[in-house]
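Visitor: Please find the sequence and the predicted model below.
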Amino acid sequence: MKKNLSIIILAAGAGTRMKSNTPKVLHKISGKPMLYYSIKEASKLSDDITVVLFHQAQKVQQEMEKYFSHVHFVIQDHNNFPGTGGAVMGITPKYEKTLVLNGDMPLIQAQELEKFDHKDATIVMSVLELQNADGYGRVLIKNGRVEKIIEQKDANERELNITTANAGIYQFETSFLRENLPKLSNNNAQKEYYITDLVEMAIQEGKVLIPLTVEVENFKGVNSKVELAEAEVIHQNRIKKEFLKAGVIMRLPDTIYIEEGVEISGESILENGVTLLGNSKIINAHIKTNSVVEDAIIQNSDVGPMARIRPLSELYETHIGNFVETKKAILHGVKAGHLSYLGDCTIDEGTNIGCGTITCNYDGVKKHQTLIGKNVFIGSDTQLVAPVKIEDDVIIAAGSTITKNISKGSLAITRAPLKVIAGYFYKLFGDKQ
């Protein structure tokens, strides 16, 4: 971590092009808000991070405080000092260098931001080398120095042909910021204070401005749902590439979705269509086609195809088959082959769960626990009405509804007597032969 660097992250905008009531920086990529990634990467470089908010500021701050406790949040004085320059005015960086980031660039990485560190430059500004810079501000560079920034709306025909574009990230000498921020003017059509005007001031003062060419993928801004989707594809590919390099097997990786925060270790296998959510941990496990795992631990087990493992489930040495759903279930050495719901339960080793078994855990007001011991055989179409305890070495007959605790070694069976009325079909419908 650099001890000479402060970081400011601009996250005040409403993001009207997102066409959403959700603040732009809270739209999610791989399960986390966009702003999360800017702060995460910034935290690798600095212990002085300030996030500037305005639109739905309280909501954004509350969401980010779920993940970060070391970040300063300030609310932009938008009425008096609107714009990117105005956002930076109310901040006092601790260190001699100040890096200004945007909260809608979720693909930035700390190793790329480290490249802004240049001891001889008053400003280091990011630029993109594009085939077509339409929509971007242009940057005129001569002899390795920034000579001019031209906004697209102000560019003449020759300047429009420039393909070097402003990527919108800057590192300033903090002393230069202190001296020149008060000089910013909002004498423009938008009546806003622009951070780009600081670049013009530095040029006029003869300061050293160094352009840093960056990759579009790392500095891609997100301003619409289309760009959000494009950024998520890139981010997903990064996540999966790291797991593949670590030894995870993936069948058709493009069909797999893995959220930020998921951990996968050992020789795990993910088949096509798998979704891993939240803070799930997959350890030496095989997750089969189209299964969903959310905030669960799966170790030395196989799941699916088409199973759903919901939050707070823990599966160890367990087989979960197709169309089985677990929720807050702790299973050790269990087999549940198909078509069952196991919620709010603890089930011990050697137990077999028959097809169609349900733990009836909810009485309409509260959730209740089902406890199942070792070597229990539960027949198909069984309902276990919680709270209930099934001790070791028990057999539950198929079609039973269990409402009481069952002691060790017992057979439990609840069935209405079979009644057969001969000839009833013909009595009801007549002889159709």
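Guide: That came through, no problem.

Visitor: can I assume residue 86 is in contact with residue 76?
Guide: Yes. Using Cβ atoms under 8 Å, residue 86 is in contact with residue 76, at 6.7 Å. C-beta coordinates here come from the backbone N, C-alpha and C atoms, glycine included.

Visitor: What is the distance between stretch 80-89 and the centre of its chain?
Guide: 30 Å (Cα atoms, centre = their mean, to the nearest Å).

Visitor: Would you double-check that residue 325 falls in a strand?
Guide: Yes. Counting by DSSP: H, G, I helix; E, B strand; the rest coil, residue 325 falls inside a strand.

Visitor: And the next helix or strand past the helix or strand hosting residue 201?
Guide: Following DSSP states H and E, one finds residue 201 within helix 196-204. Going down the chain from helix 196-204, the next helix or strand is strand 209-213, by DSSP H and E.

Visitor: in its sheet, what does that following strand sit against?
Guide: strand 123-129 (parallel) (DSSP bridges).

Visitor: Spit out the contact partners of the residue nearest to residue 32 when sequence neighbours are not counted.
Guide: Leaving aside its chain neighbours, residue 32 sits nearest to residue 260 (4.7 Å; criterion: Cβ to Cβ, 6 or more residues apart in numbering). Shown in contact with residue 260 (Cβ atoms under 8 Å, 6 or more residues apart in numbering): 29-32, 36-37, 235, 239.

Visitor: Show the buried residues in those.
Guide: Among these, those classed as buried by 16 or more other Cβ atoms under 10 Å are 29-32, 36-37, 235, 239.

Visitor: Next one: the residue nearest to residue 32 from residue 59, what distance?
Guide: According to Cβ to Cβ, to the nearest Å, residue 260 and residue 59 sit 20 Å apart.

Visitor: same question, residue 256
Guide: In terms of Cβ to Cβ, residue 256 sits 31 Å off from residue 59.

Visitor: How about residue 167?
Guide: 28 Å.

Visitor: about what we covered before: among the buried ones among the contacts of residue 260, which one lies nearest to residue 380?
Guide: residue 31 (36.6 Å; Cβ to Cβ).

Visitor: hang on, isn't the closest one packed against residue 257?
Guide: No. Using Cβ under 8 Å, residue 31 is not in contact with residue 257; the gap is 9.0 Å.

Visitor: pLDDT score assigned to residue 432?
Guide: pLDDT, residue 432: 64.

Visitor: Ok, residue 2 next?
Guide: 62.

Visitor: quick one on the thing from earlier: any idea of the mean pLDDT for the helix holding residue 201?
Guide: According to the model, helix 196-204 has a mean pLDDT of 90.

Visitor: buried sites along it?
Guide: Those would be 196-199, 201-203, for helix 196-204 by 16+ other Cβ under 10 Å.

Visitor: swap in stretch 365-385?
Guide: Here stretch 365-385 shows 368, 370-376, 378-380, 382-385 as buried, counting by 16+ other Cβ under 10 Å.

Visitor: Show me which pair in the residues you listed is furthest apart.
Guide: Farthest pair in the buried residues of stretch 365-385, by Cβ to Cβ: 368 and 375, 23.6 Å.

Visitor: Surely residue 207 is in contact with residue 125?
Guide: No. Applying Cβ under 8 Å as the test, residue 207 and residue 125 come out as separate, 11.8 Å apart.

Visitor: those helices in the stretch 1-150 of the chain, which residues are they?
Guide: With helices called from DSSP state H, counting those that start in this stretch, the stretch 1-150 of the chain shows them at 34-43, 57-64, 83-89, 110-113.

Visitor: The second one to helix 34-43, inter-axis angle?
Guide: What that stands for is helix 57-64. Relative orientation of helix 57-64 and helix 34-43, computed by axes from the mean of the first three to the mean of the last three Cα atoms, to 10 degrees: 60 degrees.

Visitor: So which elements touch helix 57-64?
Guide: Contacts defined by 3 or more Cβ pairs under 8 Å, 6 or more residues apart in numbering; DSSP states H and E place helix 57-64 against helix 34-43, strand 49-53, strand 72-75.

Visitor: out of the ones you listed, nearest to residue 227?
Guide: Taking the helices and strands packed on helix 57-64 one by one with Cβ to Cβ, helix 34-43 is closest: 10.5 Å.

Visitor: who does that closest one touch, helix- and strand-wise?
Guide: strand 5-11, strand 49-53, helix 57-64, strand 97-102, helix 110-113.

Visitor: re earlier: restricted to strands, list the buried residues of stretch 365-385.
Guide: 370-372, 378, 383-385 (DSSP state E).

Visitor: wait, doesn't residue 61 sit right on residue 74?
Guide: No. Using Cβ under 8 Å, residue 61 and residue 74 do not qualify as a contacting pair, with a distance of 9.8 Å.

Visitor: what is in contact with these two at once?
Guide: 51, 53.

Visitor: returning to that earlier point: more neighbours: which of residue 207 and residue 125?
Guide: residue 125 (27 against 17; other Cβ atoms under 10 Å).

Visitor: and the lengthiest helix in the chain, what does it pack onto?
Guide: Criterion DSSP state H: the longest helix present in the chain is helix 225-245. With contacts taken as 3+ Cβ pairs under 8 Å, 6+ apart, helix 225-245 sits against strand 28-29, strand 249-250, strand 257-258.

Visitor: just to revisit the earlier point, looking at the helices and strands packed on helix 57-64, which is nearest to residue 222?
Guide: Checked against Cβ to Cβ, the stretch from these lying closest is helix 34-43, at 6.1 Å.

Visitor: the more surrounded of residue 256 and residue 59?
Guide: Between residue 256 and residue 59, counting by other Cβ under 10 Å, residue 256 is the more crowded of the two (21 against 13).

Visitor: count of residues packed around the residue lying closest to that one once chain neighbours are set aside?
Guide: The shortest distance from residue 256 to any non-neighbouring residue, by Cβ to Cβ, 6+ apart, is to residue 274 (5.1 Å). A count of neighbours around residue 274, defined by other Cβ under 10 Å, yields 26.

Visitor: Can you verify my assumption that residue 274 contacts residue 285?
Guide: No. Counting by Cβ under 8 Å, residue 274 does not reach residue 285; the two are 10.8 Å apart.
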